[in-house]
Each structure stands twice: as C-alpha cells, then as structure tokens.
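K.L.:
Please find the sequence and the predicted model below.
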Amino acid sequence: MDINKELQNYCLNASDEGIDIKLETAIKNHDIWGNRKDLSIIFNCLDCTSLNVTDTEQSIATFLRRIRSIELDNRVPSLAAVCLFPNFVNQASEYMQALPLRVAAVAGSFPASQSFKEIKLTEIEMAIKHGCDEIDYVMPVGKFIEKDYQYVYEDIKTVADICHKNNVSLKLIIESGELCHYSRIFQASIIALLAGADFIKTSTGKVKVNAKLSSVFVMTYAIQQFYKKTGEKRGIKIAGGIHNSFDAVEYLKIVNYNLGEEWFNNSLLRFGSSSLFELTYNDLTLF
C-alpha cells in the first residue's frame, strides 16, 4: 500500500478550534455521570498495569494475587487484562489460568521503540511464545516526525502480521503527547489502523504529556472515519495520567460521542492504569 496516497482519503474535517468546540459538546451534552453502570464499563475495560523499573518476580506475584482476588469478587465485573514487561508474561499466564483475564506485554523496545528492527521483532515473538494474548507496541515516533509515513506503516504492518498470525491482538501506541498537533495525531491514528492495529493507544505513560481529552477525541474520530470507509471496528486504549474514575468517565463521554455505546466493551475499549482498578473497585463496592 502507498500510505501517502491512502492518507489523502482521510481528513480531519475541522480546525483546531472546531475540534475544541466539539470536544466541549461531547463532555457537556452526554448523559454519562459515573453511575454504577458506567463504572462497571470502565472496570471491565481496564488493563491493570505494572511497568516499573523496580518490578521483581515477588512484586509481580503480589500484584497478580491482588488482581486475582478482585477477579474472584462477584460484586464487580471481570477486568480486561494485565499489562506487564515481557519477562513476566509466563508468570502471569500461569497464575491467571482459568480466569477470563488476558495477558498483555509491552514489547518491541518499549517505551521508545528505538532499536534495530530485528531486535524489536524478536522481543515481540518471544513475548508471544511465552504466552501473551496482546502486544502493546510503540510506533517509530521519530520516523513519523520525519514524515517517513511509508516506513511507519510497514513497521506497524510487520508487527500486526506477526500478532495476527499467532491470534494475538496489537495495541499500537502513537505517543500522542509527543505529536503535539491534532493533524499529526489523526494521521498517526489512520496509519496505524490501515496497517492493521486492533487498538490505537494514546501513550506509554513514560513521557511528560500522556492521555488528553483532545487527543482521545481526535483518535476516536479517526476510528469513526476508518469504520465508515471500511466497515471494520477498531479499538481505542486510553493510558497515561488517568488518576480517578471521574477522569475515566470524561473519556467515556468522548467515546460515546464519536463512536457510540457499541464501543463500550473491552474488545473495543481499554483503559490502561496502574492504580485506576483499585479506585474504581472501591467506587463500585460502595454502591
């Protein structure tokens, strides 16, 4: 595919000011207020994350025991996944047996995606071999900034093909906070979708600017346009800087505005957080 030619078929169709107005409408006019139903949706779409330089087998075991105890609590719905470094995938896969929880790995030289392509692909293949169900992979942001869109497309497509060959989902991180402009966020989203990403994800959580309401608005708009042209539904993962249930509900309003309640399930919507599951769990068990 000539990605530069294909990109001409997609347009953001709004100025920055126009997007900001639509965003304000999405936040104000949609009847989602953080009731139990909405909190249950958020909880069911959570990727519970531990991506710390200090992670050890013991700390991950403690983390997994807590997740398992929540999974066995019939007062709340199931979570979506745990998201870990690749070297902990086998530990998580064994511990989570017989539970509906999926195991995701950040792989391919996370979080910078700055390494030799062969090394990145080897790490992804090893994570899959060790039993992960999903790969969270960062697009080559530097190449995107250089406007080498064909390279970016082919890089993502190679990873997507490996994942899909092994029945593994690809969540493609565009690192939206580093792209700065709405038009860039839109282009990166479309490239990722055309290359076969199952989800487009806001951020790694490892940079200064992570998920923002405006970025998610543009990304969900890109998914909407892709769906209109292809009939294929793709997902959104919102990660980085989600501090509480209220923040998550605001994002839920945006998803509802651009994509509708059809996207309110964990096959199309994810939230990535290291702490939100505890906060949402506490909120849910208060009802």
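P.N.:
Happy to help now that I have it.
K.L.:
where along the chain do the helices fall?
P.N.:
3-7, 16-29, 36-44, 57-71, 89-95, 117-129, 141-145, 149-165, 182-195, 213-230, 245-258, 276-284 (DSSP state H).
K.L.:
now the fourth one: mean pLDDT?
P.N.:
Model confidence over helix 57-71, given as mean pLDDT, is 96.
K.L.:
Could you list every helix and strand in contact with that helix?
P.N.:
In this structure, helix 57-71 makes packing contacts with strand 46-50, strand 81-84, helix 89-95, helix 276-284, judged by 3 or more CB pairs under 8 Å, 6 or more residues apart in numbering; DSSP states H and E. Just so you know, the C-beta spots here come from the backbone N, C-alpha and C atoms, and that holds for glycine as well.
K.L.:
I'd like to know how far the spatially closest residue to residue 76 that is not a sequence neighbour sits from residue 36.
P.N.:
Residue nearest to residue 76 in three dimensions, not counting chain neighbours: residue 284, with 5.1 Å by CB to CB, 6 or more residues apart in numbering. Distance, residue 284 to residue 36, by CB to CB, to the nearest Å: 7 Å.
K.L.:
cool, residue 60 as well?
P.N.:
Here the criterion is CB to CB. By it, residue 60 lies 31 Å from residue 36.
K.L.:
Which one of these two is surrounded by more residues?
P.N.:
For residue 60 versus residue 36, neighbours defined as other CB atoms under 10 Å are more numerous around residue 60 (20 against 12).
K.L.:
What pLDDT is listed against the residue nearest to the more buried one when sequence neighbours are not counted?
P.N.:
Among residues not flanking residue 60 along the chain, residue 88 sits closest, at 4.9 Å (CB to CB, 6+ apart). On pLDDT, residue 88 comes in at 98.
K.L.:
next one: residue 243
P.N.:
At residue 243, the predicted lDDT confidence score is 84.
K.L.:
For burial, what's the neighbour tally of it?
P.N.:
Residue 243 is flanked by 11 other residues according to other CB under 10 Å.
K.L.:
shift numbering so it begins at 16
P.N.:
With the count now opening at 16, the last piece we talked about shows up as residue 258.
K.L.:
Please list all residues in contact with it.
P.N.:
Residues counted as contacts of residue 258 (CB atoms under 8 Å, 6 or more residues apart in numbering) are 290-291.
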